[in-house]
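Q: Following is a predicted model, sequence given first.
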Amino acid sequence: MHVDMDGLKRQAAARALDYVRDGMRLGLGTGSTAKHFVELLGERVRAGLDVIGVPTSEVTRADAIRCGIKLTTLDDIDRLDLTVDGADEIDPALNLIKGGGGALLREKIVAAASDRMIVIADDSKWVEVLGRFPLPVEVIPFGLAATLRAISAAFAKSGVSGPMAVRKGKDGHAFVSDGGHWIVDAHLGRIPDAAGLAGLLNSIPGVVEHGLFVGLVSVAMLAGREGIRVIERPWRRNRGEQQ
């Protein structure tokens, strides 16, 4: 049976709009599914919805401007009500791997500044254990070899291993993130302790950020053959309140 996955992604994005209210401050994600959300949000804005957004990449910034969405920065507001973003992998605890598009640093800054985060994706991104998708690690180019050795040691301590490679851009040179850094993709296969590995990577000076998003997501909306599946965490991440 032919399935229009792009259409289903758009349905997931439309479902996420149900959480948006007038006057909200929104984090706007990056990627193909998040792009649908920005476009649908723009339709609501043109119909009179009053919101303001913080984009997670220059690509999303351009899309939001094109769609007529007012933008601000985290320098001008202290918190966001809601962030809607995509994912490269989602596990049953609603932990993620993100960063396939290279925007992981800004995406995590925005997610961490949000009261709630909704992730929208097609159901091929659902995995029992993270790691099938290469883990992006954003690094400073200076001292790269030393940083790679420290990353390898962190992997070993966490019980994972696999080849690493600096991501290349279309021109064959090192891909440069919006923050001016490089990204190393680690092919680990399985990451049984995502939280533990995240903590180890956080302690490495040359690592700017990594693509493990642990404990940040409130709701996941997965588009598949049977429609949209909604998985909701039974507590609010930032306030620790039971819903």
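A: Received, thanks.

Q: Distance of the most centrally placed residue in the chain relative to A34?
A: The centroid of the chain falls nearest to K98 when counting by CA atoms, centre = their mean (4.5 Å). Distance from K98 to A34, counting by CB to CB, to the nearest Å: 11 Å. C-betas here are computed from N, CA, C, even on glycine.

Q: intersection of neighbour lists for these two?
A: Contact criterion CB atoms under 8 Å, 6 or more residues apart in numbering; residues shared by K98 and A34: D85, G86.

Q: Would you state the strands of this structure in chain order?
A: 25-28, 52-55, 70-71, 82-85, 89-90, 96-97, 117-122, 135-139, 164-166, 182-186, 207-210, 212-213, 219-224, 227-232 (DSSP state E).

Q: for the record, mean pLDDT for the first one?
A: Okay, so that is strand 25-28. Average pLDDT, strand 25-28: 98.

Q: okay, D81: pLDDT?
A: We have a pLDDT of 98 for D81.

Q: gap between it and I228?
A: 22 Å.

Q: same thing with R66?
A: Using CB to CB, one gets 26 Å for the distance from R66 to I228.

Q: Could you do A47 as well?
A: A47 sits 22 Å away from I228, going by CB to CB.

Q: The strands of the chain into a markdown table, with extra columns for distance to R10?
A: Output for the strands of the chain, formatted as a markdown table (distance: least, CB to CB, whole Å):
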| stretch | distance to R10 |
| --- | --- |
| strand 25-28 | 16 |
| strand 52-55 | 19 |
| strand 70-71 | 22 |
| strand 82-85 | 13 |
| strand 89-90 | 18 |
| strand 96-97 | 20 |
| strand 117-122 | 10 |
| strand 135-139 | 25 |
| strand 164-166 | 33 |
| strand 182-186 | 28 |
| strand 207-210 | 29 |
| strand 212-213 | 23 |
| strand 219-224 | 8 |
| strand 227-232 | 11 |
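
Q: And those strands: which comes nearest A13?
A: Shortest distance between A13 and the strands of the chain, using CB to CB, is found for strand 117-122: 5.5 Å.

Q: What pairs with that closest one, parallel or antiparallel?
A: Here strand 117-122 is paired, per DSSP bridges, with strand 82-85 (parallel), strand 219-224 (parallel).
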